[in-house]
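Colleague: fold the following, please.
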Amino acid sequence: MRLSWRSTPHTSNTAATQQPQAEAAAQPAHGRLKRVLWFVALWCAGVAGAMLLALPFRLLMQAAMH
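Modeller: Numbers count the residues shown, from 1 in each chain. Predicted coordinates:
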């Protein structure tokens, strides 16, 4: 059973339901680009954070080898 925020599939207020759909259709590329840029930025921040976390251990290992 699938739950929905609408109680019935047919609504009497069509102007209120069509306006958000029209706005969403007007700017789909902008929203998708924004999500992709956020994903790339957070991925780069995660990689940089992992490298900074591993750096002291790498330096300790190099110091121990010499």
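
Colleague: all helices of this protein, in order?
Modeller: 14-26, 28-65 (DSSP state H).

Colleague: could the ones you listed be laid out in CSV, adding mean pLDDT and mean neighbour count?
Modeller: (Glycine included, C-beta is placed from N, CA and C.) Listed next are those as CSV, based on pLDDT from 0 to 100; neighbours: other Cβ atoms under 10 Å:
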stretch, mean pLDDT, mean neighbour count
helix 14-26, 58, 9
helix 28-65, 95, 10
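
Colleague: do you know how far residue 45 is from residue 55?
Modeller: Using Cβ to Cβ, to the nearest Å, residue 45 is found at 16 Å from residue 55.

Colleague: ok, residue 66 next?
Modeller: 17 Å.

Colleague: same question for residue 41.
Modeller: Taking Cβ to Cβ, one finds residue 41 at 21 Å from residue 55.

Colleague: likewise for residue 61?
Modeller: Taking Cβ to Cβ as the measure, residue 61 falls 11 Å from residue 55.

Colleague: can you check residue 39 too?
Modeller: From residue 39 to residue 55 the distance is 25 Å (Cβ to Cβ).
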